[in-house]
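> What follows is a predicted structure for the sequence shown.
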Amino acid sequence: MRMPGVTGRAGCGRGEGNRVEADELLVLVAGGDQKAFEDLYALVSGPVFGLVRRVVRDPAQSEEVSQEVLLELWRSAARFDPGRGSALSWILTLAHRRAVDRVRSVRAAGEREQREARRAHHPAFDQVTEEVEAGLEREWVRRCLDRLTALQRQSVTLAYYDGYTYREVAERLSLPLGTVKTRMRDGLTSLRKCLGGVA
């Protein structure tokens with residue numbers, strides 16, 4: 001997974017060194033430094049692809065999304081604010097959002113194709129049935145969400161409808177990361193039971 005003309009360098013440091021190096025490189029990239037971008041690319045392309053692959057699943061699409069993220073990084077490096085966190089966190093947040101967008105886009109396209117195929121066979125009946133079913137599903141999901149505690153509902157909504165990471169949810173709600181993960185796990189378990197008709 002390489003952008004044309006980008007060679008990068010091997011053997012970058014790990015852990016804390018990676019984070020500090022990424023911060024320094026991103027500042028240089030914001031100033032248009034091509035060599036710094038090559039080094040940054042070599043440093044972060046692996047973690048970016050790994051995160052995207054976990055969200056998108058499909059290898060070819062994961063590679064495509066990763067390339068989009070790294071191109072966006074070159075174009076928008078000046079937006080990075082070191083005062084709000086590390087460069088690596090910022091880059092992985094860009095990657096997560098882009099991956100979530102791709103999953104939603106693919107899902108929406110698939111749903112559109114299915115709707116069009118159904119309409120081609122039974123347009124009037126299918127359209128009415130689909131609208132009724134969609135309304136019932138939305139109402140059922142709303143009722144199941146209403147059964148959650150306020151914190152569970154907020155956490156689940158921010159993560160699964162707005163595409164935030166656990167850490168971002170914790171920051172937005174001013175809560176410890178562990179608390180958010182526990183509430184989200186409990187909330188998702190309750191939702192699964194409710195939507196499955198168990199509760």
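Looks like it came in fine.
> Let me know the next secondary structure element after the worst-scoring helix or strand of the chain on mean pLDDT.
Of all helical and strand segments in the chain, the minimum by mean pLDDT, DSSP states H and E falls on helix 123-146, at a mean of 66. Under the assignment DSSP states H and E, the closest C-terminal helix or strand after helix 123-146 is helix 150-156.
> Please name every helix or strand in contact with that following helix.
helix 123-146, helix 166-173, helix 177-195 (3 or more C-beta pairs under 8 Å, 6 or more residues apart in numbering; DSSP states H and E). Bear in mind the C-beta positions are built from the backbone N, C-alpha and C, glycine included.
> what's the closest of the ones you listed to residue 154?
helix 166-173 (6.2 Å; C-beta to C-beta).
> helices or strands up against that closest one?
helix 150-156, helix 177-195.
> can we see that at 7 Å?
Helix 166-173 makes packing contacts with helix 177-195 when contacts are defined by 3 or more C-beta pairs under 7 Å, 6 or more residues apart in numbering; DSSP states H and E.
> in the helix it packs on, what's buried?
The neighbour-count criterion (16 or more other C-beta atoms under 10 Å) identifies 180, 183-184, 186-188, 190-191, 194 as the buried residues of helix 177-195.
> Out of those residues, show me where the pLDDT dips lowest.
In terms of pLDDT, residue 191 ranks lowest among the buried residues of helix 177-195, with 76.
> List the buried residues in the strand or helix carrying residue 43.
For residue 43, the host element (DSSP H and E) is helix 34-56. Neighbour counts over helix 34-56 (16+ other C-beta under 10 Å) mark 36-45, 47-49, 51-53, 55-56 as buried.
> ok, now stretch 166-176?
Taking 16+ other C-beta under 10 Å as the criterion, stretch 166-176 shows 168-170, 173 as buried.
> Mind putting the residues you listed into CSV with pLDDT and distance to residue 64?
CSV is the format used below for those (pLDDT from 0 to 100; distance: C-beta to C-beta, whole Å):
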residue, pLDDT, distance to residue 64
168, 86, 24
169, 84, 27
170, 86, 30
173, 86, 33
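> The helices and strands packed on helix 150-156: which one's closest to residue 90?
Among those, helix 166-173 comes nearest to residue 90, with 11.4 Å by C-beta to C-beta.
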